[in-house]
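K.L.:
one predicted model, sequence on top.
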Amino acid sequence: MNNKMNNKNDSSSKSPEVRLDRWLWAARFFKTRALAKQAIDGGKVRLNGQRAKPARGVKLDEILSVRRGYDIFTVAVTGLSDKRGPAKVATELYNETEESIKLRKKEAELRRIAQLAVSTPSHRPDKKQRRKIHQFKQSQN
């Protein structure tokens with residue numbers, strides 16, 4: 001019985017931590033915990049430069065790298081929460097690094113410029129044009 005009490009004291013002396021998937025959900029990086037877990041398992045989330053498991057504890061001042069779509073967020077953990085709250089509270093749980101912000105803006109600008117270079121048709125082909133397209137594709141085979 002004395003052993004159990006010592007274990008309780010040991011756990012209370014540790015620094016507080018929250019599961020990684022719960023923290024990502026509470027910080028509003030992902031809409032659901034299931035999506036957060038899927039991203040972690042897929043290698044899209046790194047904790048201090050290392051791949052982590054969803055149950056890994058997040059502590060204050062740790063560095064997280066989160067890939068969401070085309071964007072990569074590099075953030076320092078400044079607060080812990082396992083409950084999802086308002087967006088204003090969620091943004092107080094982390095600070096994004098200056099390099100991360102600059103890189104995301106640069107990448108977004110490059111994507112925007114690349115999109116401008118691609119010409120898109122103004123309308124869908126009509127029936128006659130579709131026939132010509134099919135004839136052209138069949139003549140290529």
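P.N.:
Good, I have the coordinates.

K.L.:
which parts of this structure are helices?
P.N.:
Using DSSP state H, the helices of the chain run over 2-13, 20-26, 33-41, 87-91, 98-117, 127-140.

K.L.:
out of those, nearest to residue 70?
P.N.:
Nearest of the helices of the chain to residue 70, taken as CB to CB: helix 98-117 at 6.5 Å. C-beta coordinates here come from the backbone N, C-alpha and C atoms, glycine included.

K.L.:
pLDDT weak spots in the protein?
P.N.:
Applying pLDDT under 70 to the chain flags residues 1-14.

K.L.:
try 50
P.N.:
Residues of the chain that meet the criterion pLDDT under 50 lie in 1-13.

K.L.:
go through the helices of the chain and pick out the most buried.
P.N.:
Of all the helices of the chain, helix 20-26 carries the top mean neighbour count, a mean of 24, counting by mean count of other CB atoms under 10 Å.

K.L.:
partner residues bridging the residue nearest the centre of the chain?
P.N.:
For the chain, the residue sitting closest to the mean C-alpha position, by CA atoms, centre = their mean, is residue 68 at 3.5 Å. Taking DSSP bridges as the rule, residue 68 bridges to residue 71.

K.L.:
in space, what's closest to residue 89 - neighbours in sequence excluded?
P.N.:
Nearest residue to residue 89 in three dimensions, chain neighbours excluded: residue 81, at 7.6 Å (CB to CB, 6 or more residues apart in numbering).

K.L.:
distance to residue 74 for the helices of the chain - can I get that in TSV?
P.N.:
Below are the helices of the chain laid out as TSV (distance: least, CB to CB, whole Å):
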stretch	distance to residue 74
helix 2-13	30
helix 20-26	14
helix 33-41	15
helix 87-91	15
helix 98-117	4
helix 127-140	46
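
K.L.:
and those: which comes nearest residue 77?
P.N.:
With CB to CB, the closest approach to residue 77 among the helices of the chain belongs to helix 20-26: 7.4 Å.
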